[in-house]
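Trainee: below are the sequence and a predicted model; questions follow.
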Amino acid sequence: MALPVQSALDQRRDQIFPTLDPLDIERVRRFGEVRSFAAGDRLMTASQVAPGLMVILAGRIAVTEHDQIHAPQRVVTHGPGNFMGELAQLGGRPSLVDAFAEEMVEALVIPPERLRALMIAEAELGERIMRALILRRVRILQSGVGGPIILGRAENGDVLRLQGFLRRNSHPHQLLDPETDAPAKVLVERFHVDPGQLPIVLCPDGRILRNPGETELARCLGLVRSVDPNRIYDVAVVGAGPAGLATAVYAASEGLSVIVLDCRSFGGQAGASARIENYLGFPTGITGMALMARAYNQAQKFGAEMAIPDEATSLAAEDGSVSRFALNLQTGERVRARSVVIATGARYRRLDVENLDAFEASSVHYWASPIEAKLCANHDVALVGAGNSAGQAAVYLASQGAKVWMLVRRRDLRDTMSRYLADRIFGLANVEVVTDVTVSGLEGEDGTLEVVRWRRGATGQETGRPIRHLFLFIGADPSTNWLSGSGVALDAKGFIRTGDDAGEARHALETTRRGVFAIGDVRTESVKRVAAAVGEGAQVVAALHSFLGAASPESESIGHASG
């Protein structure tokens, strides 16, 4: 477990733990407050919100990490010129490490809101600090220490669900299987857990959650906080995929108060892409998660507030107002905003085959991440789909040692996939493309898939293969059910009407409700590309300024006073 951490430290230690010179420290003084701590004082506690980033002026601070299994281990000792913190301090989230003063310490404490101001006002210095914060989170993610421990079998559907949620929210965690890991057996005995109750989650603060939902887990970890019912945001963005995050970055950087909601994690479908190679500026490609994590951190840098996972269940005008909106959340809370941007994207489409739901928890997957790849290594898998997302997943799974049966309904893969990607797939020895077929049956027991059957369209001939994992990349349907009764008009397929299709004198991205905009895949006739989604996220900000600028003086003064 410690080896990846040591490797990361060896390679980029100077960037992870830089030392600020006296001039640097003078530049940051105006953003913080000097505080003194006695030897032995605890400055940071895992699972608790820290006061902010700390620049050490005098003395020494020991940073340690621990979990429910191992004794605390020293990560680093900070001295004068070093700063203590990681990405949790940028967003005001609970710390993932512990820290205490080894001797009398004097430190400059910079709270999250002032840290974000520093990043913008002192660009060069802010870049160095941001790089260090990101790399420190990478180090923590590699070790898994500081986050929750999941006790359960790796193949269990709920274990996969919890792991996927934490991974897609860039939160460290560890998985221990009581059947193979001795520490897991000790924990099961210590907490008197019946094996039938697994999985359980041990939170860093000591709480035990029995097969929690994602919202329950997020609140235990401090990923989401209560929404201020009195605050009125300039814009509420619903959906944290590339379109929504782009809106957050551009709107917040231009001074608008922004809150971003998403029911599961940041990144959307793009975040599930194993590799994106045709996005401008990344000639060697980039994983969807890496690209979206950069956007997520960038939005926080400019002050956008993240509420993930927090699901919007309805949209309405607030008390009949034409210039303020209310978003009701599944938690019972309410977000108030002067404008709304809908970027909810689409839900993964399910395969129309009998008993699919019996295998969805553990054997049927809608994205290909390292979690799924580890389960499938050196095994045959079936992948249904012929778009770029399907192609990226096939290439990734093939690189992990699996034999990939790519099942395509059309007669030619190149009809729906970028040429470079199709050519790469045809050149892979362990990918077999089967065209003109549809999945006709699934067989297995106790939620474990054992056989996948498919039927050729021209002849009706059926083939069955011993396959334990099935990947589905067959498109998606718009996530718009929650808009019922909102006055936002949909087309016949459930996508949101915008521009001329929504009425006269509408902005190209404005819906039938003034002040409510739709961008990305959820919009009628949108271009299903990450670059197009990001472009619309930037474009809509000009429309937001126009709408907010035309609002009544009363609503504008309320918005800025509250935001």
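Mentor: Thanks, I have it. Since the structure is predicted, the reported quantities are computational estimates derived from the model, not experimental observations. Numbers count the residues shown, from 1 in each chain.
Trainee: contacts and neighbour counts: CA atoms only from here.
Mentor: Fine.
Trainee: for the stretch 251-400 of the chain, what spans make up the strands?
Mentor: 258-261, 305-307, 312-317, 325-329, 334-337, 340-342, 346-348, 364-365, 380-384 (DSSP state E, counting those that start in this stretch).
Trainee: who wins for proximity to Leu87 among those strands?
Mentor: Of all the strands of the stretch 251-400 of the chain, strand 305-307 sits nearest to Leu87, with 13.3 Å by Cα to Cα.
Trainee: name the helices or strands packed onto that closest one?
Mentor: Using 3 or more Cα pairs under 8 Å, 6 or more residues apart in numbering; DSSP states H and E, the elements in contact with strand 305-307 are strand 258-261.
Trainee: name the strands paired with the strand it packs on and say parallel or antiparallel.
Mentor: Strand 258-261 sits in its sheet next to strand 235-238 (parallel), strand 305-307 (parallel), going by DSSP bridges.
Trainee: just put these in JSON lines and tack on distance to Ile208.
Mentor: Shown next, in JSON lines, are the strands paired with strand 258-261 (distance: least, Cα to Cα, whole Å):
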{"stretch": "strand 235-238", "distance to Ile208": "31"}
{"stretch": "strand 305-307", "distance to Ile208": "23"}
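Trainee: most packed of those strands?
Mentor: Stretch with highest mean neighbour count among the strands paired with strand 258-261: strand 235-238 (a mean of 28; mean count of other Cα atoms under 10 Å).
Trainee: now do that one: distance to the chain's middle.
Mentor: Distance of strand 235-238 from its chain centroid, counting by Cα atoms, centre = their mean, to the nearest Å, is 17 Å.
Trainee: pLDDT of it, averaged?
Mentor: Mean per-residue pLDDT for strand 235-238: 98.
Trainee: same thing with stretch 209-222?
Mentor: Stretch 209-222 comes out at a mean pLDDT of 94.
Trainee: so what's Thr247 up against?
Mentor: Counting by Cα atoms under 8 Å, 6 or more residues apart in numbering, Thr247 touches 237, 534, 537-538, 540-541.
Trainee: farthest pair within those?
Mentor: Pairwise over these, using Cα to Cα, the maximum falls at Val237 and Val534, 13.6 Å.
Trainee: sketch out the low-pLDDT regions of the stretch 301-450 of the chain for me.
Mentor: For the stretch 301-450 of the chain, the stretches with pLDDT under 70 are 320-322.
Trainee: make it 80
Mentor: For the stretch 301-450 of the chain, the stretches flagged by pLDDT under 80 are 319-323, 361.
Trainee: that one: helices as residue ranges?
Mentor: Remark: helices assigned in the stretch 301-450 of the chain by DSSP state H, counting those that start in this stretch are 370-376, 388-399, 419-426.
Trainee: how about these, which one is nearest Arg529?
Mentor: helix 388-399 (9.8 Å).
Trainee: so what touches the closest one?
Mentor: Contact with helix 388-399 is made by 273-276, 367-368, 373, 383-385, 404, 406, 416-418, 421-422, 424-425, 428, 430-431, 472-473, as judged by Cα under 8 Å, 6+ apart.
Trainee: buried ones among those residues?
Mentor: 273-276, 367-368, 373, 383-385, 404, 406, 417, 421-422, 425, 430-431, 472-473 (16 or more other Cα atoms under 10 Å).
Trainee: right, so the helices of the stretch 301-450 of the chain: which one is the most enclosed?
Mentor: Of all those, helix 388-399 carries the top mean neighbour count, a mean of 23, counting by mean count of other Cα under 10 Å.
Trainee: could you export that helix as CSV, CA atoms only?
Mentor: Output of helix 388-399 as CSV, limited to C-alpha atoms (Å, rounded to 0.1, in the frame of the first residue of the first chain):
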residue,chain,number,x,y,z
ASN,A,388,-16.7,6.4,-29.6
SER,A,389,-17.4,5.7,-25.9
ALA,A,390,-17.8,2.0,-26.8
GLY,A,391,-14.6,2.1,-28.8
GLN,A,392,-12.6,3.8,-26.0
ALA,A,393,-13.9,1.2,-23.5
ALA,A,394,-13.0,-1.7,-25.8
VAL,A,395,-9.4,-0.4,-26.2
TYR,A,396,-9.1,0.1,-22.5
LEU,A,397,-10.4,-3.3,-21.5
ALA,A,398,-8.2,-5.0,-24.1
SER,A,399,-5.2,-3.3,-22.6
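Trainee: does Leu175 touch Asn156 like I think?
Mentor: No: at 11.5 Å, Leu175 and Asn156 do not qualify as touching, with contact defined as Cα atoms under 8 Å.
Trainee: which of those two has more neighbours?
Mentor: Leu175 (20 against 16; other Cα atoms under 10 Å).
Trainee: give me the distance between Glu311 and Thr480.
Mentor: 12 Å (Cα to Cα, to the nearest Å).
Trainee: try Glu214
Mentor: Counting by Cα to Cα, the gap from Glu214 to Thr480 is 21 Å.
Trainee: again with Ala274
Mentor: Ala274 sits 26 Å away from Thr480, taking Cα to Cα as the criterion.
Trainee: same deal with Leu176?
Mentor: Distance of Leu176 to Thr480, computed by Cα to Cα: 38 Å.
Trainee: same question for Met289.
Mentor: Separation of Met289 from Thr480 (Cα to Cα): 24 Å.
Trainee: same question, Met130
Mentor: From Met130 to Thr480 the distance is 36 Å (Cα to Cα).
Trainee: next one: Arg347
Mentor: Distance from Arg347 to Thr480, by Cα to Cα: 10 Å.
Trainee: likewise His70?
Mentor: From His70 to Thr480 the distance is 46 Å (Cα to Cα).
Trainee: over to the most centrally placed residue in the chain: give its phi and psi.
Mentor: The centroid of the chain falls nearest to Phe266 when counting by Cα atoms, centre = their mean (3.0 Å). Main-chain torsions, Phe266, degrees, to the nearest 10: phi -80, psi 160.
Trainee: going forward, the N-terminal residue is numbered 19.
Mentor: Yes, from this point I'll number from 19; that puts the last item at Phe284.
Trainee: I figured it hits Ala308, correct?
Mentor: No: here Phe284 lies out of contact with Ala308, judged by Cα under 8 Å, at a distance of 11.2 Å.
Trainee: any idea how far the residue lying farthest from the centre of the chain is from Asp433?
Mentor: Most distant from the centre of the chain: Thr477, at 43.8 Å, with distances by Cα atoms, centre = their mean. Shown here: Thr477 relative to Asp433, a distance of 21 Å by Cα to Cα.
Trainee: strands of the stretch 469-581 of the chain, start to end?
Mentor: Using DSSP E, counting those that start in this stretch, strands in the stretch 469-581 of the chain cover 480-484, 487-490, 494-496, 534-536.
Trainee: low-confidence stretches in the stretch 169-318 of the chain?
Mentor: Along the stretch 169-318 of the chain, segments meeting pLDDT under 80 span 290, 292.
Trainee: could you pull out the helices in it for me?
Mentor: 175-186, 200-208, 232-239, 260-271, 306-319.
Trainee: any buried residues in the shortest one, and which?
Mentor: Using 16+ other Cα under 10 Å as the test for burial, helix 232-239 gives 232-233, 235-236, 238-239.
Trainee: any chance of JSON lines for these, columns distance to Ile34?
Mentor: What follows is the buried residues of helix 232-239, written out as JSON lines (distance: Cα to Cα, whole Å):
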{"residue": "Glu232", "distance to Ile34": "31"}
{"residue": "Thr233", "distance to Ile34": "32"}
{"residue": "Leu235", "distance to Ile34": "29"}
{"residue": "Ala236", "distance to Ile34": "27"}
{"residue": "Cys238", "distance to Ile34": "28"}
{"residue": "Leu239", "distance to Ile34": "24"}
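Trainee: between the residues you listed, which sits nearest Thr481?
Mentor: Nearest to Thr481 among those, with distances taken as Cα to Cα, is Glu232, at 38.1 Å.
Trainee: I figured that closest one was touching Phe183, is that so?
Mentor: Yes: here Glu232 reaches Phe183: they are 7.1 Å apart, a contact under Cα under 8 Å.
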